[in-house]
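**Student:** Output the structure for:
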Amino acid sequence: MSKKVVIYHAIDTEGPLYESLDAKFERIEELFKIQIERTEENLKKLRNKEIDLGGIEENIATVLSGHLTNYNDTWDKIDHMLKRLSTEEVRFHLPDCNGNGWVFNWHCIDHVDFDYNPRRRDIGYHNIHDHFVNYVEKNKQFRDEIQWHFHPMSTYHDAHRCATSYTNSEHLHQILTRRVIERNWFPSCFRAGFQVERPDSNHFLEQWIPFDISNMALDDNSELDEVIDFKNGRSGDWRLAPTDWSLYHPSHDHWAIPGNCRRWIGRALNVLNRIASMDQREMDKAFKRASNGETTLVGLASHDFRNLETEVFHLKELIAESSKKYPDVQFEYCSGVDAFRKTIWGEDMSKVSGYEPLELDFKFIPASKDDVPGLKVTTKSGKVFGPQPYLAIETKSRRFIHDNLDFSTDLKTWHYAFHSDSLPIEDVKRVGIAANDQYGNTVVKNIDMKEVL
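**Tutor:** Residues are numbered from 1 along each chain as shown. Prediction:
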């Protein structure tokens, strides 16, 4: 029996975040429906629980704690933190069972198409992604991974807010099509913004992304109703999801109910946060499960605009304590893909029956006397996760478009035709396709039309 806990530290990587004094009080007013004069003196009193608030003093003090409000509000501050995170002291303070150091999984977001940006988000395609790709490339010895994070667009296009509808978020496909074409990249692991999933995002993820680390289910959900943004399932609604650290396939109609969909969903609790925080009881629960012979994925959720060094040392204390209680359990720091693979299929993928990494062929088919020009995608080995690869098109006017492919009866081949119902070939600059297989192997291929026409 495998007795192992795999640690998947998922960072909602959102770049610098600024918060003014007024904004701190605005959050308190929104979360707890109280109004207090916005002064530095009152902020200090709230942090010290010196104002009678009818029993919610502790909750407000937590929200306003130094760790949760001392933001990395510039790239210089984030880079200073990253420099600290690159030290032996941080990474190898508590080596895992293989002698390896801590692994960060940078789930990068794009802040784009916003009209109001009071928290000084870094606005632009790829800005945050590129910054952390550069960091990971320079520090390959740490085995960090780049993955994806997304915030649905708020009604008034406010950069500091997160809605729930992917259908209403036009920037969704803009981000992914540009990632495919401009960065030759596509995600295999996903973290939902504010842990929000709904039927539309459930169905979206089912088409392309095999691993989802968004479940924040709690044994006792009463704390969620104490703050306005989680009451009645407004934000991270995982009330019906497993809390035993097991992975599951979601159902078609509800992302939190185990069912027959394709992707795997893992559980991740927050770190030193105001809601759904990881504690010793939860870490012990994971180690106990592993001690019973079930490899257990422990997801941990953080933000890059907070002090990750503080959070890592806190987590290592929890891990060390659980390891003492369950000395027969090994623990390993993992990238997201490896964490899911090791938990589901074991240590050696070559021993998995039928395992064959995905390989695709992607061709431009010139016009003929019988047909218009088009694209052909052929599965050479493995199997595409979901019904079809992701198609990305860049026009000469720099529009980025996602479209459906046309299916073949063998369900392993797809076509796309450039004609009056899609796009004229004369307006196409570049095209790309991307796909994962169920194991998290990713294929991205691009064609520059100047090279084939």
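
**Student:** from here on, contacts and neighbour counts on C-alpha atoms
**Tutor:** Fine.

**Student:** Next SSE downstream of the helix or strand bottoming out on mean pLDDT in the chain?
**Tutor:** Across the helices and strands of the chain, mean confidence by mean pLDDT, DSSP states H and E is lowest for helix 66-69: a mean of 78. Following helix 66-69 in sequence order, the next helix or strand is helix 75-85 (DSSP states H and E).

**Student:** Could I get the buried residue list for that following helix?
**Tutor:** Buried residues in helix 75-85, counted by 16 or more other CA atoms under 10 Å: 75, 77-78, 81-82, 85.

**Student:** Go through the residues you listed and say which is closest to K138.
**Tutor:** Proximity to K138 was ranked across the buried residues of helix 75-85 by CA to CA; first place goes to L82, at 11.5 Å.

**Student:** now the closest one: how far from R91?
**Tutor:** Counting by CA to CA, to the nearest Å, the gap from L82 to R91 is 11 Å.

**Student:** Kindly report the same for V431.
**Tutor:** Counting by CA to CA - V431 and R91 are separated by 40 Å.

**Student:** mind listing the strands for the stretch 101-250 of the chain?
**Tutor:** Remark: strands assigned in the stretch 101-250 of the chain by DSSP state E, counting those that start in this stretch are 104-108, 145-150, 189-192, 211-215.

**Student:** of all those, which lies closest to A392?
**Tutor:** Using CA to CA, the strands of the stretch 101-250 of the chain put strand 145-150 closest to A392, at 17.1 Å.

**Student:** State the mean pLDDT of the closest one.
**Tutor:** In this model, strand 145-150 has a mean pLDDT of 98.

**Student:** Could you quantify the relative orientation of it and strand 104-108 as an angle?
**Tutor:** 40 degrees (axes from the mean of the first three to the mean of the last three CA atoms, to 10 degrees).

**Student:** Can you list the strands that strand 145-150 pairs with?
**Tutor:** Strands flanking strand 145-150 in the sheet, each with its direction: strand 104-108 (parallel), strand 189-192 (parallel) (DSSP bridges).

**Student:** mind checking how far the residue of the chain most remote from its centre is from T378?
**Tutor:** Distance from the centre of the chain peaks at K369, with 46.7 Å (CA atoms, centre = their mean). According to CA to CA, K369 and T378 sit 23 Å apart.

**Student:** And A217, by the same measure?
**Tutor:** Taking CA to CA, one finds A217 at 40 Å from T378.

**Student:** If you count surrounding residues, which of those two has more?
**Tutor:** Neighbours of A217 and T378, each counted by other CA atoms under 10 Å, are more numerous for A217; the result is 22 against 16.

**Student:** hang on, isn't that one packed against N270?
**Tutor:** No: applying CA atoms under 8 Å as the test, A217 and N270 come out as separate, 11.0 Å apart.

**Student:** ok now do the nearest residue to L205 once chain neighbours are set aside, which residues does it touch?
**Tutor:** In space, and not counting its chain neighbours, L205 is closest to R263: 7.7 Å by CA to CA, 6 or more residues apart in numbering. The neighbourhood of R263, defined by CA atoms under 8 Å, 6 or more residues apart in numbering, consists of 205-206, 209-212, 249-250, 438.

**Student:** can you map out the helices along the stretch 351-453 of the chain?
**Tutor:** Using DSSP state H, counting those that start in this stretch, the stretch 351-453 of the chain contains no helices.

**Student:** what are the ranges of the strands in it?
**Tutor:** So, for the stretch 351-453 of the chain - with DSSP E, counting those that start in this stretch - the strands run 359-365, 374-381, 390-395, 400-403, 406-407, 413-417, 428-436, 442-448.

**Student:** Which elements pack onto the first one?
**Tutor:** Under the contact criterion of 3 or more CA pairs under 8 Å, 6 or more residues apart in numbering; DSSP states H and E, strand 359-365 touches strand 374-381, strand 442-448.

**Student:** How about the fifth one?
**Tutor:** Where contact means 3+ CA pairs under 8 Å, 6+ apart, strand 406-407 is packed against strand 413-417.
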